[in-house]
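**Student:** pasting a predicted model and its sequence here:
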Amino acid sequence: MAEKMLYHVKEHKHTAGVIKDVMDSERYHTLLKERVTVGSQVLNHKFFEDPHDVVLGLSTDGFAPFRRRTQTAWPIVLFNYNLPPEICFHLEYVLSVGVVPGPKKPHDMDSFLWPLIQELHRLAIGVHAYDALSDEFSALRAYLLLVFGDIPAISMVMCMKGHNALSPCRMCKIRGVRIPGSSNPIHYVPLCRPHHPDADADPAFVEVYDPAHLPLRTHGEFLRQAEEVQMAPSEAKAARLAKQYGIKSIPLLSTLSSLSFPVSFPYDFMHLIWENVVKNLMQLWTSQYKDLNTGVEDYEVNPTVWEAVGEASAASGDTIPGIFGPHPPNVTSDKMSWTAETRSFWFQYLGPILLAGRFTHRKYYTHFVLLVRLLCKCLQFELSADDLAEICAGFIAWVEEYERYFIRIYYQHDLQRLSACPVTVHALLHITDSIEATGPVWASWAFPMESLRINFVLGPHIHQLASRYPDYQIIHVYLFLHVTHSH
Ligand SMILES: [Zn+2]
């Protein structure tokens, strides 16, 4: 184990401008130059100055351990990035530091995180430990570099109001808008909201946001706003400020000087892409998305064609080796088998073939394939500065085409169609920044949490299941897929 944990010292080589691990991220390199702070005390050592210092990631998520799914439990889990990427998410190396028992979402998550944060403070100072490799005692130090999970879980640990609020994005200060004349309380975040009725009441209302220059949140401002809410002289004032900022109180995690708000909390690629953006797109194509019709467009796939696509999807599994993942389900009839993993495989490898020539206009297919290309690019082992520039420009183009009137796809700049613009579409615009800030998408996606969920629920049966469904070692499946597809 001690030998394996020297991976980043012995095997990983950082090349300027190339991202292939969390040790290539801006946040890691910023910390390398900073002295460690615990409370008001500035310590003599810098972050990660000793090769034995441990880089940690924290994740939490609610899961339903029983079949009826009425109760949830919340594991609190640490990942050790000192280990080689191909094993750092394996169950035997995951540190499960606690489980919040439920039965509902924790009312005060910080109270459950408190023992862990105390320990992380001690680990930032240094804990007397024996190094088996050098046969010496030394100070063992560990720091939290990033925190990840689905949007509700991260809103909870960041003490934010969440993805339906007026300020729904944790990365920027974009204002959400509601559908005019509707009782739907959800705020949506299109870039362009011309002539929205809110503009009359608010002189600071922004009608068009520039996707290349979003009003990003900063660490200092985030914590100042959190303090302003917490120290407000009345509950009414606190509620008003919380609504304005999207922040409810000072998060306990802000006491860890290794974390920077909000960049240390990247959007989780698994939930964002496979559980939201892709799922919603498939619902838009099949007339199942929030009672939204196609407006002035015609992007739905003919139901008979969709049925044939479904049958072809299911049949393809007979000739695809099991190592690539579970058998692809029928997209029309087998709703139960859709998981982030099956949707990811279908979208990347089957969809572009099965949907070619199936839309009424080529522009819908071109738009879809652009997204596939961008997602595959995000999943590359190594990303150069040119790759990141391409991803950034690609997501901007994709989101603009998703919304824009003159190409007219999903939002069509129609305020009655605002529900086509949830924060998950907007969040695509932050993916490039997050890769630069905290590393590759695999370092902060929730697939390992899904493996843990299976382990928690099935306990001793996990190994039987793992042999049938290789998502137990999902990182391996992904690595395998990308090796096989890149050669
Ligand atoms: Zn944003």
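**Tutor:** In hand now; what should we look at?
**Student:** show me where the stretch 301-450 of the chain has its helices.
**Tutor:** Secondary structure of the stretch 301-450 of the chain (DSSP state H, counting those that start in this stretch): helices located at 303-316, 340-345, 351-354, 362-378, 385-403, 423-426, 431-438, 447-458.
**Student:** show me what the first one packs onto, helices and strands only.
**Tutor:** So the one you mean is helix 303-316. helix 351-354 (3 or more CB pairs under 8 Å, 6 or more residues apart in numbering; DSSP states H and E). In short, each C-beta sits where N, CA and C put it, glycine included.
**Student:** tabulate the CA atom coordinates of the helix it packs on in CSV.
**Tutor:** The C-alpha coordinates for helix 351-354 follow below in CSV (Å, rounded to 0.1, in the frame of the first residue of the first chain):
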residue,chain,number,x,y,z
GLY,A,351,-27.0,6.4,-30.6
PRO,A,352,-24.8,8.0,-33.4
ILE,A,353,-25.3,5.0,-35.6
LEU,A,354,-28.9,4.1,-34.8
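**Student:** and it, what does it pack onto?
**Tutor:** helix 303-316, helix 362-378.
**Student:** make a markdown table out of those helices and add mean neighbour count.
**Tutor:** Shown next, in a markdown table, are the helices and strands packed on helix 351-354 (neighbours: other CB atoms under 10 Å):
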| stretch | mean neighbour count |
| --- | --- |
| helix 303-316 | 16 |
| helix 362-378 | 17 |
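**Student:** between these, which gets nearest to Asp24?
**Tutor:** Asp24 lies closest, by CB to CB, to one member of the helices and strands packed on helix 351-354: helix 362-378, at 14.8 Å.
**Student:** which outside residues touch that closest one?
**Tutor:** If you take CB atoms under 8 Å, 6 or more residues apart in numbering as the criterion, helix 362-378 is touched by 269, 273, 277, 281, 299, 347-348, 351-352, 355-359, 383, 387, 390-391, 394-395, 397-398, 401-402, 407, 409, 431, 435, 441.
**Student:** hmm, which of those are the buried ones?
**Tutor:** Among the contacts of helix 362-378, the ones that count as buried by 16 or more other CB atoms under 10 Å are 269, 273, 277, 281, 299, 347-348, 351, 355, 358-359, 383, 387, 390-391, 394-395, 398, 401-402, 409, 431, 435, 441.
**Student:** does stretch 248-264 reach the ion?
**Tutor:** No - in terms of CB under 5 Å from the ion, no part of stretch 248-264 sits within range of the ion; the closest distance is 9.4 Å.
**Student:** can you check stretch 418-437 too?
**Tutor:** No - using CB under 5 Å from the ion, stretch 418-437 never reaches the ion; the gap is at least 5.5 Å.
**Student:** break this structure down into its domains, please.
**Tutor:** 4-149, 269-444 (automatic domain parsing).
**Student:** so which of the ones you listed is the most packed in?
**Tutor:** With neighbours taken as mean count of other CB atoms under 10 Å, the domains of the chain reach their highest mean count in domain 269-444, at a mean of 18.
**Student:** tell me how far it lies from the chain's centre.
**Tutor:** Taking CA atoms, centre = their mean, to the nearest Å, the mean C-alpha location of domain 269-444 is offset from the chain mean by 15 Å.
**Student:** same deal with stretch 3-17?
**Tutor:** 25 Å.
**Student:** would you mind measuring the gap between the ends of it?
**Tutor:** From its first residue to its last, stretch 3-17 covers 28 Å (CA to CA, to the nearest Å).
**Student:** what does stretch 223-238 give?
**Tutor:** End-to-end distance for stretch 223-238: 15 Å, by CA to CA.
**Student:** over to stretch 243-260?
**Tutor:** 22 Å.
**Student:** can you list the buried residues in that stretch?
**Tutor:** Quick answer for stretch 243-260 (16+ other CB under 10 Å): 244-248, 250-260.
**Student:** which of the helices and strands packed on helix 351-354 sits closest to the ion?
**Tutor:** Among the helices and strands packed on helix 351-354, helix 362-378 comes nearest to the ion, with 17.4 Å by CB to the ion.
**Student:** ok, the residue in the stretch 201-350 of the chain that the ion sits nearest to - how many residues close by?
**Tutor:** Taking CB to the ion, the ion has its nearest neighbour within the stretch 201-350 of the chain at Leu214, 5.4 Å off. Using other CB atoms under 10 Å, Leu214 has 18 other residues around it.
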